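[1] sequence isn't available, so here's the structure alone:
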């Protein structure tokens with residue numbers, strides 16, 4: 001793998017905050033050996049005075065120049081062997097500065113071999129070397145911070161990066177974000193957030209769009225502080241500048257946390273209309289939102305489509321919700337169809353009791369009576385008094401008055417309070433009166449309908 005394709009992913013797949021490791025590369029040894037004269041430069045680092053530039057001697061330069069083509073050809077094993085031979089010689093690269101160049105080359109080769117531990121060891125020798133120029137020492141600290149982060153040694157990563165920041169005249173936003181990520185891993189959340197805020201403010205002041213991962217870390221930090229309003233504001237920026245369906249889903253969830261139900265519904269609908277809700281729980285949640293918003297027809301259509309697409313299973317629970325949505329939409333025929341399918345999969349009589357009530361509303365009295373009987377036999381009805389009340393009403397419509405009175409008496413017996421007993425008692429009086437009236441008509445030879453429960 002070439003150096004340019006290696007990335008540092010501090011938070012893994014969850015946050016996607018890649019930072020390319022800026023490894024200190026070996027400079028051209030030939031160029032270094034030619035510049036043996038004194039040069040005056042403007043200082044780039046704190047407390048760095050103009051000084052005589054160190055150089056590599058001809059013998060050392062020649063040895064290191066031989067390695068250059070091998071490195072360019074990515075012959076890492078060969079390069080490393082040549083460097084070990086140079087290091088073993090006391091005469092080839094003898095000065096402190098020349099040794100620094102050998103360590104720098106070695107660190108780069110180890111890094112290219114993915115041997116980060118060895119690369120760190122060599123870069124530490126550069127940092128601690130007597131002959132290391134201050135600017136190289138400083139640049140190497142930054143590289144060490146990144147390599148320690150790759151190794152998940154966050155304490156040493158922080159130590160090196162803090163030292164780098166203390167000496168650097170300019171600390172850019174990228175460096176602040178790297179330390180912010182390291183602090184996050186060290187549970188220094190307050191310091192992490194401070195640096196994230198600084199980094200974002202730095203680039204925004206220059207009218208530059210912050211990187212996606214920066215807002216990502218900022219979002220996580222505010223979420224862990226339970227500052228949901230701030231999380232929402234960050235997600236709104238992300239869906240605008242880095243639109244992804246995962247951000248829309250998260251935004252919908254955060255709107256829910258703030259009880260902004262209409263906004264939550266709109267955000268989730270955007271995801272749904274683009275075919276990005278592909279799990280049963282997601283689609284059913286969408287349907288529940290519409291039920292809560294008192295738009296049951298939309299909820300029913302969503303569930304129907306989910307079942308047709310194979311996303312939502314036709315379980316008793318899901319079919320019951322579908323039936324409820326159709327019922328609330330005043331589409332009783334579709335409600336009956338869904339609840340009939342649900343009742344076949346249910347272990348209790350609750351759905352049969354609900355069906356009985358819908359059958360009664362539809363004027364299907366015989367079906368209402370049979371469904372209420374099935375509910376009673378199956379058991380487990382949550383409100384048996386209501387089931388008996390429906391049964392009695394269906395029997396009255398079928399002119400089975402004595403049977404209706406028996407059903408109403410069962411409703412009274414099942415009722416737990418006096419309020420619920422009032423209606424069956426009224427119906428008993430009606431059934432008794434109507435049954436007696438019709439019987440008198442029969443007694444004088446009139447043709448009147450009889451019990452037709454079947």
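    Received, thanks. The model shown is predicted, which means the values in this text are computed figures rather than measured ones.

[2] how is this protein divided into domains?
    Annotated domains of the chain cover 1-24+56-169, 347-454 [automatic domain parsing].

[3] of all those, which one comes closest to residue 329?
    Closest approach to residue 329 among the domains of the chain is made by domain 347-454 (12.7 Å; C-beta to C-beta). Every C-beta, even on glycine, is put in place using the N, C-alpha and C of the backbone.

[4] which residues in the stretch 1-150 of the chain form helices?
    Secondary structure of the stretch 1-150 of the chain, counting by DSSP state H, counting those that start in this stretch: helices at 29-34, 58-72, 76-88, 96-112, 116-128, 134-150.

[5] most tightly packed of those?
    Looking across the helices of the stretch 1-150 of the chain with neighbours counted as mean count of other C-beta atoms under 10 Å, the highest average goes to helix 96-112: a mean of 23.

[6] any low-confidence regions in the protein?
    Along the chain, segments meeting pLDDT under 70 span 1-53.

[7] reformat the domains of the chain as a markdown table; add distance to residue 298.
    Formatted as a markdown table, the domains of the chain follow (distance: least, C-beta to C-beta, whole Å):
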| stretch | distance to residue 298 |
| --- | --- |
| domain 1-24+56-169 | 33 |
| domain 347-454 | 21 |
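
[8] and of those domains, who's closest to residue 234?
    domain 1-24+56-169 (12.8 Å).

[9] so what does residue 451 look like in phi/psi?
    For residue 451, the backbone dihedrals (degrees, to the nearest 10) come out as phi -60, psi 130.

[10] does residue 96 touch residue 129 like I think?
    Yes: with contact defined as C-beta atoms under 8 Å, residue 96 reaches residue 129; the gap is 6.5 Å.

[11] in the helix or strand containing residue 201, what counts as buried?
    Using DSSP states H and E, the secondary-structure element containing residue 201 is helix 189-205. By neighbour count, with 16 or more other C-beta atoms under 10 Å as the criterion, the buried positions of helix 189-205 are 191, 192, 193, 195, 196, 199, 200, 202, 203.

[12] closest one to residue 264 among the domains of the chain?
    Closest to residue 264 of the domains of the chain, according to C-beta to C-beta: domain 1-24+56-169, at 22.7 Å.

[13] what's the first-to-last distance across stretch 355-369?
    Using C-alpha to C-alpha, to the nearest Å, one end of stretch 355-369 lies 10 Å from the other.

[14] to clarify, my last question referred to stretch 157-177.
    Across its full length, stretch 157-177 reaches 13 Å between end residues, using C-alpha to C-alpha.

[15] residue 207: which of the domains of the chain is closest?
    With C-beta to C-beta as the yardstick, what comes closest out of the domains of the chain is domain 1-24+56-169 (22.6 Å).

[16] how far does that closest one sit from its chain's centre?
    Chain-centre distance of domain 1-24+56-169: 37 Å, with C-alpha atoms, centre = their mean, to the nearest Å.

[17] circling back: relative to residue 389, which of the buried residues of helix 189-205 is nearest.
    Out of those, the one with the shortest distance to residue 389 is residue 193. That distance is 61.0 Å, counting by C-beta to C-beta.

[18] I figured that closest one hits residue 218, correct?
    Yes: A contact is recorded between residue 193 and residue 218 when judged using C-beta under 8 Å, the distance being 7.3 Å.

[19] hey, what's in contact with both of the two?
    The contact sets of residue 193 and residue 218 do not overlap (C-beta atoms under 8 Å, 6 or more residues apart in numbering).

[20] kindly provide the distance from residue 143 to residue 121.
    According to C-beta to C-beta, to the nearest Å, residue 143 stands 13 Å off from residue 121.

[21] quick one, longest helix in this structure?
    Of all the segments assigned as helix in the chain under DSSP state H, the longest by residue count is helix 418-443.

[22] buried residues in that helix?
    The neighbour-count check on helix 418-443 (16+ other C-beta under 10 Å) flags 420, 421, 423, 424, 427, 428, 430, 431, 435, 438 as buried.

[23] tell me which two of those residues sit farthest apart.
    The largest distance within the buried residues of helix 418-443, taken as C-beta to C-beta, falls between 420 and 438 and amounts to 28.2 Å.

[24] would you list the helices of the stretch 1-150 of the chain in a markdown table and tack on distance to residue 395?
    Below are the helices of the stretch 1-150 of the chain laid out as a markdown table (distance: least, C-beta to C-beta, whole Å):
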| stretch | distance to residue 395 |
| --- | --- |
| helix 29-34 | 104 |
| helix 58-72 | 96 |
| helix 76-88 | 91 |
| helix 96-112 | 87 |
| helix 116-128 | 83 |
| helix 134-150 | 78 |
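
[25] nearest to residue 311, of the ones you listed?
    Sorting the helices of the stretch 1-150 of the chain by C-beta to C-beta, the top spot, which is the nearest, belongs to helix 134-150 at 40.3 Å.
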